[in-house]
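>>> structure here, sequence nowhere to be found:
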């Protein structure tokens, strides 16, 4: 049955109106948002591919769970259900609920980080890096060399470079390494998967040097799909078993439930070490809430517990990965440069190659993000020199390694015709690509500037 269309494995029960704006309206909206799509109002957007985080559609089962939410302050039945679900999945004994992933990052990385400490990762995501740097520690990415070449195929392009990891531990000294963080899938690296062999390798190195090994597991179900279909010896294991095998290799995990737990808000930190868990719990109670709710309502915890089950459904995961690949394959066939192979949650367009006439200091990624919105009301996210570029001590502009635009696909939200609309838009942008102009930043904050920076077009 492989030749048949991959259908959405659900029926649509509730719909949300999309307001179809005109190009003139969008021109005005974008100027008012100072050319930063983060500053647009959601009703001004037709197809929202800004992020797949917290934008999922919940199932009938999850909505039923919401009605059951126990809002007791301490020891709620909903907390017990959530704790059981996370323990069963991860195997970790100490669970700290948080309102989202970055709160869990703050709890852990501000405890173990600080000046003189270093973290290594396949690629730190933006909030991870910000939390680490905010503590005074250093965050260093150790991706595979091939990850720098968007067109090159590698089945596990998200892997951490373990040779570089050994060298880096030797260079910094194991005592100064706060943790090694393996992000699955590797989001900033193009949503690319990490192999079980790589996780095992990282586990062995961390064990040898006595270094903490943390999984950033927000897309572990998607990662499990790739392992089952690409790594030898996993074809007969369930997606859930594959995830459990990976959790078993690490000392703990951070999860934003807004991704693979299919909810709109929530996250958790789960650890093997009681001492570390107790240190983090103190801060949790001061900053997030009591240790059995940590910034979540009982109904949120119900929805997460159910989502952690549903996400491993084989029909759901097949549809999820195939529908993302469908968009990527259509764009690639058209000659649009993308990160290949297509990752799990998003298609990453190489804006530097798409707009070769726009210099990196004029942010070709931001140009593409603006053109997509103006042309069709599609909101997307720049992952390039706006997000990761820096100014050197001599005032020189230091660009990011790649100028990407991420088209992140919300889970269970859009149908194939929505995706075809995105494909058609790129066909039109292709024909007019020489006309696109660059942008300059007119305001930026000190941290995470991409969220609130303001821009103006560079007049050619």
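Yep, that arrived. Since this is a predicted model, take the numbers as computed values, not measurements.

>>> can you show me the strands along the stretch 51-200 of the chain?
In the stretch 51-200 of the chain, the strands defined using DSSP state E, counting those that start in this stretch lie at 94-98, 118-121, 138-141, 177-183.

>>> got CSV for the ones you listed, with distance to residue 150 and mean neighbour count too?
All C-beta spots, glycine's among them, are computed from the backbone N, C-alpha and C. Shown next, in CSV, are the strands of the stretch 51-200 of the chain (distance: least, CB to CB, whole Å; neighbours: other CB atoms under 10 Å):
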stretch, distance to residue 150, mean neighbour count
strand 94-98, 34, 25
strand 118-121, 20, 25
strand 138-141, 16, 20
strand 177-183, 18, 26
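
>>> which one, of those, ends up nearest to residue 307?
Set against residue 307 and scored by CB to CB, those come closest in strand 94-98, at 13.8 Å.

>>> for the chain, which spans come out with low pLDDT?
Under the criterion of pLDDT under 70, the regions of the chain flagged as low confidence span 1-3, 460.

>>> how about the nearest residue to the residue sitting nearest the centre point of it, chain neighbours excluded?
Relative to the mean C-alpha position of the chain, the nearest C-alpha, by CA atoms, centre = their mean, is the one of residue 187, at 4.6 Å. Beyond its immediate neighbours in the sequence, the residue positioned closest to residue 187 (CB to CB, 6 or more residues apart in numbering) is residue 125, lying 5.2 Å away.

>>> does that neighbour touch residue 185 like I think?
No - contact status for residue 125 versus residue 185: not in contact, 10.9 Å apart, counting by CB atoms under 8 Å.

>>> who's more crowded, the two?
When residue 125 is set against residue 185 and neighbours are counted by other CB atoms under 10 Å, the residue ahead is residue 185, at 30 against 22.

>>> OK, contacts around that one?
Shown here is residue 185, whose contacts under the criterion CB atoms under 8 Å, 6 or more residues apart in numbering are 158, 191-194, 219, 222-223, 226, 343-345.

>>> try residue 219
Residues counted as contacts of residue 219 (CB under 8 Å, 6+ apart) are 184-185, 187, 191, 259-260, 344-345.

>>> and which of the residues you listed is nearest residue 310?
Out of these, the one with the shortest distance to residue 310 is residue 260. That distance is 9.8 Å, counting by CB to CB.

>>> what about that closest one, distance to residue 61?
If you measure residue 260 against residue 61 using CB to CB, to the nearest Å, the figure is 16 Å.

>>> now swap in residue 416 and tell me
Summarising the geometry, the distance separating residue 416 from residue 61, computed by CB to CB, is 24 Å.

>>> cool, and residue 221?
The gap separating residue 221 from residue 61 is 16 Å, by CB to CB.

>>> compare the two (neighbour count), which wins?
Higher neighbour count among residue 221 and residue 61: residue 221, with 30 against 14, using other CB under 10 Å.

>>> I figured residue 53 hits residue 256, correct?
Yes - under the criterion of CB under 8 Å, residue 53 makes contact with residue 256 at 6.4 Å.

>>> overlap in contacts, those two.
Joint contacts of residue 53 and residue 256 (CB under 8 Å, 6+ apart) are residue 218.

>>> the more surrounded of these two?
residue 256 (27 against 19).

>>> now do the domain split for the protein, please.
Using automatic domain parsing, the domain ranges for the chain come out as 23-52+313-457, 60-310.

>>> can you check the distance spanned by the longest one, start to finish?
Start and end residues of domain 60-310 are separated by 11 Å (CA to CA, to the nearest Å).

>>> mind checking how far it is from the chain centre?
11 Å (CA atoms, centre = their mean, to the nearest Å).

>>> could you do the first one as well?
Relative to the mean C-alpha coordinate of its chain, domain 23-52+313-457 is positioned 15 Å out (CA atoms, centre = their mean).

>>> straight-line length of that domain, end to end?
Using CA to CA, the end-to-end distance of domain 23-52+313-457 comes to 17 Å.

>>> now swap in stretch 205-216 and tell me
For stretch 205-216, the first and last residues are 18 Å from each other (CA to CA).

>>> buried ones in it, by neighbour count?
Of the residues in stretch 205-216, those with enough neighbours to count as buried (16 or more other CB atoms under 10 Å) are 205-206, 209, 211-216.

>>> need the max-distance pair from the residues you listed.
With distance counted by CB to CB, no two of those lie farther apart than 209 and 216, which are 20.0 Å apart.

>>> ok, so what distance separates residue 342 from residue 322?
From residue 342 across to residue 322, the span is 10 Å (CB to CB).

>>> neighbour count for those two, which is higher?
residue 342 (23 against 14).

>>> ok, now which ones touch that one?
Neighbouring residues of residue 342 by CB under 8 Å, 6+ apart: 191, 324-325, 327-329.

>>> reformat those as JSON lines; add neighbour count and distance to residue 167.
Listed next are those as JSON lines, based on neighbours: other CB atoms under 10 Å; distance: CB to CB, whole Å:
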{"residue": "191", "neighbour count": "28", "distance to residue 167": "27"}
{"residue": "324", "neighbour count": "23", "distance to residue 167": "34"}
{"residue": "325", "neighbour count": "17", "distance to residue 167": "35"}
{"residue": "327", "neighbour count": "24", "distance to residue 167": "38"}
{"residue": "328", "neighbour count": "22", "distance to residue 167": "33"}
{"residue": "329", "neighbour count": "17", "distance to residue 167": "37"}
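
>>> turn those residues into CSV, including distance to residue 380.
Written out in CSV, the entries for the contacts of residue 342 read as follows (distance: CB to CB, whole Å):
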residue, distance to residue 380
191, 14
324, 14
325, 18
327, 12
328, 14
329, 18
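
>>> reformat those into JSON lines and put distance to residue 287 and secondary structure next to each item.
Listed next are these as JSON lines, based on distance: CB to CB, whole Å; DSSP: H, G, I helix; E, B strand; the rest coil:
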{"residue": "191", "distance to residue 287": "30", "secondary structure": "coil"}
{"residue": "324", "distance to residue 287": "35", "secondary structure": "helix"}
{"residue": "325", "distance to residue 287": "40", "secondary structure": "helix"}
{"residue": "327", "distance to residue 287": "39", "secondary structure": "helix"}
{"residue": "328", "distance to residue 287": "39", "secondary structure": "helix"}
{"residue": "329", "distance to residue 287": "44", "secondary structure": "helix"}
